[in-house]
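Chemist: I need the structure of the sequence given here:
(one chain, ligands or ions: 1)
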Amino acid sequence: MQQDTAAAGNWLLSLENMAKSFGPVKALRQVNLQVKAGEVHALVGENGAGKSTLMKVLSGAHKPDSGNMYLNGREYKPGSPAQGRLAGIAMIYQELMLAPHLTVEENILLGLEKTKLGFLQNQKQQVHEALAWLGQEDLQPNTPVNQLSIGKQQLVEIARALVTDARVVIMDEPTSSLTAADAQALFGVIRRLKDKGISVIYISHFLEEVFGVCDRYTVLRDGETVATGNLTDISTPGLIRHMIGRSVDELYPAIPHELSETVLQVDNLVTQPYHKTISFALRRGEILGISGLVGAGRSEIIRSIFGLEKVHQGQVKIKNKPELQAIYLNPNQALNADLDLLSENRKEEGLALNLSIATNLTLSALGKYAKNGLLNLKKEQAGAADWMQQLQVKSQSPLAPISSLSGGNQQKVCIARLLHHDSDILFLDEPTRGIDVGSKAEIYRLIQTLAGQGKAIVVVSSYLPELLGICDTLGVMYRGQLSNIKPVKAWTEDDIMHFATSGMETAS
Ligand SMILES: Nc1ncnc2c1ncn2[C@@H]1O[C@H](COP(=O)(O)OP(=O)(O)OP(=O)(O)O)[C@@H](O)[C@H]1O
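Modeler: Here you go, the predicted model:
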């Protein structure tokens, strides 16, 4: 393991030889993590490397099988998340854990009512001070949190951490659902937490964020710490090599594919919530990217065509099926009409969480494994195992419940399900959200290969580099309005941001 040069002993937090198994799965084998006071420490690694498990152990949600933890020089052994929180460890999950119907103040004080804080007046004062420190004086403490944007809800979580005098704040993929402006605001807050002497453990698959906001790093691979050090001493390819044990030569592989006849023609489609008119055409072999800010109405286009959202008017023609008016379809009919959609919301729409990986993967095309109405389970499992291998889904068996997979591996199963169903027109909404860099490269290769096979693909993404890296053509959304679709090479990042924030094309 690459050694850190900092003197031992001055750590605020030290985790030594941590191990944790779930039945036969060794999620943590031997993990060491040392964090200084007031540093932002990146915890990186492939999907399934053990990052979330380690953080659940640290925050008191999981009990480790072995290993020792020290906080502020003292042995730290939380029996529950509440104990972890009172000891100074605040965990901010990617899917925020606030009680949606409770107010800002109630959420900030939740679980602390009679413990750490004194009287009611004192508590209210602390909430006020925490919000003011975060520059959120205008946020009314009696607002229910479900009325707030994701960015504001995240600040409520951070206020919660401030009120309990957290020494370490863990942020798990904190920017994955934020607008670019909210992400910038979050980076500002992180810098201020640091100045206050609070440490942040930052988990992210966005390496440019890691280099932008973090001081030191620790890399986990297969449940072990494989490297740690200062980010100023390592390059992006160097960090990737530690993460996946090899280098990624080509993140955006270019596989030749030809664009031919139109297979989807959308005319004057009017959808929620903006009621603007959208028209575009998609060709066989084309990868069309849709960019824009979160909330600009990007997902609504593909979701409406797929029958998941209401369409007010317009016409959608599907290749050689003129009789099918897509806007009258429901998702089942859409699947039969050779459309398929990868939802950005895998927990609610992509996966049946209490079923096995194999069932999730094959559910929408069970016919492939049935004869005379009987399902051949062996064949189904072998088919699932094949896709799992292709996408490198990390799991013991196709029969394991999907809920036992790490977030990134669940996303890979969603993609495998889509590939397995084998439709001709694919809508991919945030296909690489939560996916590690090595697997991203695999998914980009797959998307290109599918285009090579003549599939027509729409990719909606908040991650501009991937749209520029893999798409043939690109359109940008601004408040429900779609720009002209142009070859990707005709766009610059500045042009895209200009349209995304103003709805106007730059004169070129
Ligand atoms: N409750 C559980 N039951 C069974 N296996 C689990 C459970 N939680 C995690 N695992 C397994 O432990 C390993 C580590 O998962 P973990 O969620 O910690 O990875 P991660 O590094 O956070 O991944 P990602 O980047 O995809 O979020 C994986 O193989 C996962 O399938």
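
Chemist: alpha carbons only for contacts and neighbour counts from here, please
Modeler: Noted.

Chemist: Can you report how many residues neighbour residue 336?
Modeler: By the criterion of other CA atoms under 10 Å, residue 336 has 11 neighbours.

Chemist: Helix, strand, or coil at residue 210?
Modeler: Here residue 210 is helix, with the state taken from DSSP: H, G, I helix; E, B strand; the rest coil.

Chemist: quick one, what contacts it?
Modeler: Neighbouring residues of residue 210 by CA atoms under 8 Å, 6 or more residues apart in numbering: 42, 202, 204.

Chemist: which SSE is residue 379 in?
Modeler: According to DSSP states H and E, residue 379 maps onto helix 377-390.

Chemist: name the helices or strands packed onto that helix?
Modeler: For helix 377-390, the packing partners by 3 or more CA pairs under 8 Å, 6 or more residues apart in numbering; DSSP states H and E come out as helix 357-362, helix 407-421.

Chemist: is any part of that helix close to the ligand?
Modeler: No: applying CA under 6 Å from any ligand atom, one finds helix 377-390 separated from the ligand by no less than 12.9 Å.

Chemist: List the contacts of residue 338.
Modeler: Residues in contact with residue 338, defined by CA under 8 Å, 6+ apart, are 423, 424, 425.

Chemist: do the same with residue 454
Modeler: The contact partners of residue 454, by CA under 8 Å, 6+ apart, come to 257, 258, 284, 285, 286, 424.

Chemist: looking at the helices and strands packed on helix 377-390, which is buried most?
Modeler: Most buried of those, by mean neighbour count (mean count of other CA atoms under 10 Å): helix 357-362, with a mean of 26.

Chemist: Let me see the mean pLDDT of that one.
Modeler: Mean per-residue pLDDT for helix 357-362: 87.

Chemist: Can you name the element that comes right after that helix?
Modeler: Per DSSP H and E, the helix or strand that comes after helix 357-362 is strand 370-371.

Chemist: Residue 68: what secondary structure?
Modeler: strand.

Chemist: Distance-wise, check it relative to residue 158.
Modeler: 27 Å (CA to CA, to the nearest Å).

Chemist: Neighbour count for these two, which is higher?
Modeler: residue 158 (26 against 15).

Chemist: ok, now how distant is the more buried one from residue 174?
Modeler: Taking CA to CA, one finds residue 158 at 11 Å from residue 174.

Chemist: Unless I'm misreading it, residue 438 sits right up against residue 242, doesn't it?
Modeler: No: between residue 438 and residue 242 there is no contact under CA atoms under 8 Å: 11.2 Å.

Chemist: Would you mind listing what in the chain touches the ligand?
Modeler: So the chain meets the ligand at 22, 25, 27, 46-53, 394-395, 404-409 (CA under 6 Å from any ligand atom).

Chemist: Check whether residue 427 really touches residue 302, as I assumed.
Modeler: Yes: counting by CA under 8 Å, residue 427 does reach residue 302; the two are 6.4 Å apart.

Chemist: Touching both of these two, which residues are there?
Modeler: Between them, residue 427 and residue 302 share the contacting residues residue 341, judged by CA under 8 Å, 6+ apart.

Chemist: for the record, mean pLDDT for stretch 294-301?
Modeler: On average, stretch 294-301 scores 87.

Chemist: Now do it: distance from first to last residue.
Modeler: Chord length of stretch 294-301, first to last residue, is 13 Å (CA to CA).

Chemist: Can you pull out the low-pLDDT segments for the chain?
Modeler: Along the chain, segments meeting pLDDT under 70 span 1-9, 113-121, 247-249, 320-328, 507-508.

Chemist: Now do the same contact list for residue 364.
Modeler: 417, 421.

Chemist: What of residue 468?
Modeler: By CA under 8 Å, 6+ apart, the contact list for residue 468 reads residue 488.

Chemist: For PyMOL, what selects the buried ones among the residues of the chain next to the ligand?
Modeler: Buried residues within the residues of the chain next to the ligand, by 16 or more other CA atoms under 10 Å, are selected in PyMOL with:
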select buried, resi 27+46+47+48+49+50+51+52+53+394+395+404+405+406+407+408+409
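
Chemist: By neighbour count, sort out the buried ones in the contacts of residue 454.
Modeler: Here, 16+ other CA under 10 Å leaves 257, 284, 285, 286, 424 buried among the contacts of residue 454.

Chemist: my read: the third one touches residue 260, true?
Modeler: In other words, residue 285. Yes: in this structure, residue 285 is within contact of residue 260 by CA under 8 Å, at 6.6 Å.

Chemist: could you pull out the helices for the stretch 51-200 of the chain?
Modeler: Along the stretch 51-200 of the chain, the segments classed as helices by DSSP state H, counting those that start in this stretch run 51-59, 81-87, 104-109, 120-133, 150-163, 180-195.

Chemist: Also the stretch 251-400 of the chain?
Modeler: Taking DSSP H, counting those that start in this stretch as the criterion, the stretch 251-400 of the chain contains helices spanning 298-305, 331-336, 357-362, 377-390.

Chemist: Adding distance to residue 218, write those out as CSV.
Modeler: Formatted as CSV, the helices of the stretch 251-400 of the chain follow (distance: least, CA to CA, whole Å):
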stretch, distance to residue 218
helix 298-305, 35
helix 331-336, 43
helix 357-362, 30
helix 377-390, 27
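
Chemist: Need the winner for burial among those.
Modeler: For these, the largest average neighbour count (mean count of other CA under 10 Å) is found in helix 357-362, namely a mean of 26.

Chemist: distance between the helix holding residue 379 and the chain's centre?
Modeler: Here helix 377-390 is found 26 Å from its chain centre; the criterion is CA atoms, centre = their mean, to the nearest Å.

Chemist: contacting residues around that helix?
Modeler: With CA under 8 Å, 6+ apart, helix 377-390 has contacts from 357, 358, 361, 362, 369, 394, 397, 398, 399, 413, 416, 420.

Chemist: how about these, which pair is most distant?
Modeler: 369 and 394 (23.6 Å; CA to CA).

Chemist: Which residues are in contact with residue 423?
Modeler: The contact partners of residue 423, taken as CA under 8 Å, 6+ apart, are 335, 338, 339, 340, 455.

Chemist: export the residues you listed to a markdown table and tack on distance to residue 267?
Modeler: Formatted as a markdown table, those follow (distance: CA to CA, whole Å):
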| residue | distance to residue 267 |
| --- | --- |
| 335 | 21 |
| 338 | 19 |
| 339 | 17 |
| 340 | 20 |
| 455 | 21 |
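
Chemist: Between those residues, which sits nearest the ligand?
Modeler: The closest of these to the ligand turns out to be residue 340 (CA to the nearest ligand atom; 23.8 Å).

Chemist: Next, count neighbours for the closest one.
Modeler: Neighbourhood size, residue 340 [other CA under 10 Å]: 25.

Chemist: Buried residues in stretch 52-62, which are they?
Modeler: Result for stretch 52-62 [16+ other CA under 10 Å]: buried residues 52, 53, 54, 55, 56, 57, 58, 59, 60, 61, 62.

Chemist: quick one: the residue lying closest to residue 98 once chain neighbours are set aside from residue 429, how far?
Modeler: Excluding the flanking residues, the one nearest residue 98 by CA to CA, 6 or more residues apart in numbering is residue 107, at 6.4 Å. Look at residue 107 and residue 429: by CA to CA, they are 31 Å apart.

Chemist: do residue 153 as well
Modeler: Distance from residue 153 to residue 429, by CA to CA: 23 Å.

Chemist: For residue 93, which non-adjacent residue is spatially closest?
Modeler: residue 172 (5.4 Å).
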